[in-house]
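*Asks:* The following block contains a protein sequence and its predicted model.
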Amino acid sequence: MKSFKRAGAKPEPKGDPIPLLDADGNPVTELKRDKKGRLVLDKEGMPIKVPAVKRDFYGNPLYENVPYTDPEEARKTALRSGDFAEFDDETEAAYEQVLRERAAEEDSSLAPDPDALLEVRHLKMYFPLKKTISGKVTLWLRAVDDVSFKLHAGETLGIVGESGCGKTTMGRSILKLYQPTGGQIFFDQTDIAGYNSKQMRPLRTKMQIIFQDPYSSLPPRSTVGGILSEPVLVHKIASKQDVRSYVLKIMEQCGLRDYYYERYPHEFSGGQRQRICIARALSVNPKLVICDEPVSALDVSIQAQIINLLKHLQEQLGLTYVFISHDLSVVKHISDKIGVMYLGSMVEFGSKKDIFSHPMHPYTQALFSAVPNPNPDVKMERIVLSGDIPSPANPPKGCKFHTRCPKCMEVCKHIAPQYREYEKGHFVACHCYPQED
């Protein structure tokens with residue numbers, strides 16, 4: 001039977017790999033490793049040295065009969081000439097992934113910031129979509145892709161972005177409700193990314209979440225007293241004799257009457273249910289609270305009450321919030337720092353003042369242009385984005401936002417921009433700004 005080669009496929013390697021030489025032309029040696037990267041030892045237990053060979057950015061050996069173009073050189077050539085006609089987008093995407101993995105590996109050895117309560121480094125949360133018969137994953141949904149930020153005690157970080165951009169998944173990954181695919185999560189200077197459920201149990205009192213829907217997040221067959229007492233008893237925060245008085249004190253802090261103790265969730269309005277959810281989160285004395293769109297299911301008047309309650313509790317108890325929301329006016333009111341996400345990536349991050357007074361990324365500018373201004377004399381210049389948000393299972397090559405960006409350039413379609421600090425504490429990933437020092 002004849003065998004047919006795919007058009008454009010690379011030829012099979014022949015002969016020995018290209019040797020690696022030093023500046024004087026002498027062969028360089030390296031330690032021999034097996035397929036899993038482990039050192040190979042001789043009979044005396046000493047590492048075996050072998051001639052070093054040239055390798056591509058994947059780490060694969062290079063051969064004389066297989067043409068190879070260094071992706072870094074190909075990138076520099078395309079940037080200098082502005083010609084991307086023969087630019088290999090697939091190789092560039094693979095090269096960018098390798099660079100991100102190397103950066104994550106280098107940063108993993110750095111000590112955590114002693115002033116930060118929460119520090120996230122290169123967080124990834126991928127979900128498998130397709131597998132082969134043998135179980136190998138062939139398609140991933142990159143819900144959160146290489147997200148990094150720091151949050152100090154007593155601060156509020158607002159996370160904004162369209163539906164499906166990975167805001168909620170990021171919040172749940174920080175709490176280890178999902179097991180992250182990669183990255184580091186430092187809480188109180190301790191990396192908890194690899195913790196299992198048993199190791200996380202003592203930390204559950206320090207990290208809590210307020211869910212988006214107050215209707216479905218409360219058990220309908222339990223009274224308010226039972227809902228709030230359960231975590232207190234499980235984590236032994238108060239004794240059985242004192243638990244009722246402890247819970248009543250928490251209810252009073254959250255604006256709930258004492259006679260609500262014996263009532264069931266269906267007897268309350270949406271705003272009251274959300275107060276119960278807040279009381280449940282605070283019942284274990286947490287340091288960090290993930291607020292996953294806590295006011296999106298409520299009407300405007302109730303939203304203001306809940307936001308003011310959260311601010312009052314933060315001042316009173318010294319809480320730290322990660323506040324996820326679609327409503328930019330709410331985020332502006334409650335946040336100290338703001339992160340803007342698009343297709344699983346953080347495209348802009350900075351202080352509230354910097355983000356609202358000087359938004360740098362075109363996506364951030366488009367989001368802010370949609371916020372209505374109550375002043376009738378001020379004319380708003382709305383930036384309308386064309387098309388729908390692409391699928392995170394198949395994101396565009398280059399900059400993920402280039403398919404909808406009003407400032408899109410040719411380089412945006414092929415090379416992903418670097419996530420860089422352009423002002424103190426103000427990070428942006430966009431080709432509209434210098435990509436090299």
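*Replies:* Nice, I can see it.
*Asks:* Would you mark the buried spots in stretch 231-240?
*Replies:* 231, 232, 238 (16 or more other Cβ atoms under 10 Å). Every residue, glycine included, has its C-beta placed from N, CA and C.
*Asks:* any chance you could map the strands in the stretch 1-150 of the chain?
*Replies:* Chain-ordered strands for the stretch 1-150 of the chain, with DSSP state E, counting those that start in this stretch as the definition, fall at 29-31, 49-51, 116-131, 137-152.
*Asks:* Would you mind giving the ones you listed as JSON lines with mean neighbour count and mean pLDDT added?
*Replies:* Converted to JSON lines, the strands of the stretch 1-150 of the chain look like this (neighbours: other Cβ atoms under 10 Å; pLDDT from 0 to 100):
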{"stretch": "strand 29-31", "mean neighbour count": "12", "mean pLDDT": "86"}
{"stretch": "strand 49-51", "mean neighbour count": "12", "mean pLDDT": "86"}
{"stretch": "strand 116-131", "mean neighbour count": "19", "mean pLDDT": "94"}
{"stretch": "strand 137-152", "mean neighbour count": "19", "mean pLDDT": "93"}
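*Asks:* Does residue 226 belong to a helix, a strand or coil?
*Replies:* In three-state terms, and counting by DSSP: H, G, I helix; E, B strand; the rest coil, residue 226 is helix.
*Asks:* do residue 157 as well
*Replies:* Assignment for residue 157 (three-state DSSP): strand.
*Asks:* is it true that it touches residue 323?
*Replies:* Yes: counting by Cβ atoms under 8 Å, residue 157 sits close enough to residue 323 to count as a contact (6.8 Å).
*Asks:* Mutual contacts of the two, please.
*Replies:* residue 335 (Cβ atoms under 8 Å, 6 or more residues apart in numbering).
*Asks:* Closest to the centroid, which residue in the protein?
*Replies:* Computing the C-alpha centroid of the chain and ranking residues by Cα atoms, centre = their mean puts residue 147 first, at 3.7 Å.
*Asks:* For it, give the beta-bridge partners.
*Replies:* residue 123 (DSSP bridges).
*Asks:* quick one: it and residue 166, what's the gap?
*Replies:* Look at residue 147 and residue 166: by Cβ to Cβ, to the nearest Å, they are 8 Å apart.
*Asks:* joint contacts of the two?
*Replies:* Residues touching both residue 147 and residue 166 (Cβ under 8 Å, 6+ apart) are 341, 344, 345.
*Asks:* Let's have the strands of the stretch 1-150 of the chain in JSON lines, adding distance to residue 361.
*Replies:* Formatted as JSON lines, the strands of the stretch 1-150 of the chain follow (distance: least, Cβ to Cβ, whole Å):
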{"stretch": "strand 29-31", "distance to residue 361": "43"}
{"stretch": "strand 49-51", "distance to residue 361": "48"}
{"stretch": "strand 116-131", "distance to residue 361": "19"}
{"stretch": "strand 137-152", "distance to residue 361": "15"}
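*Asks:* Quick one: closest of those to residue 179.
*Replies:* Nearest to residue 179 among the strands of the stretch 1-150 of the chain is strand 116-131 (8.6 Å), distances taken as Cβ to Cβ.
*Asks:* who's more crowded, residue 157 and residue 323?
*Replies:* residue 323 (27 against 23; other Cβ atoms under 10 Å).
*Asks:* Ramachandran coordinates for the spatially closest residue to residue 408 that is not a sequence neighbour?
*Replies:* Closest residue to residue 408 apart from its sequence neighbours, by Cβ to Cβ, 6 or more residues apart in numbering: residue 402 at 4.8 Å. Main-chain dihedrals, residue 402, degrees, to the nearest 10: phi -70, psi -20.
*Asks:* is it true that residue 402 touches residue 410?
*Replies:* No: using Cβ under 8 Å as the test, residue 402 is too far from residue 410 to be in contact (9.6 Å).
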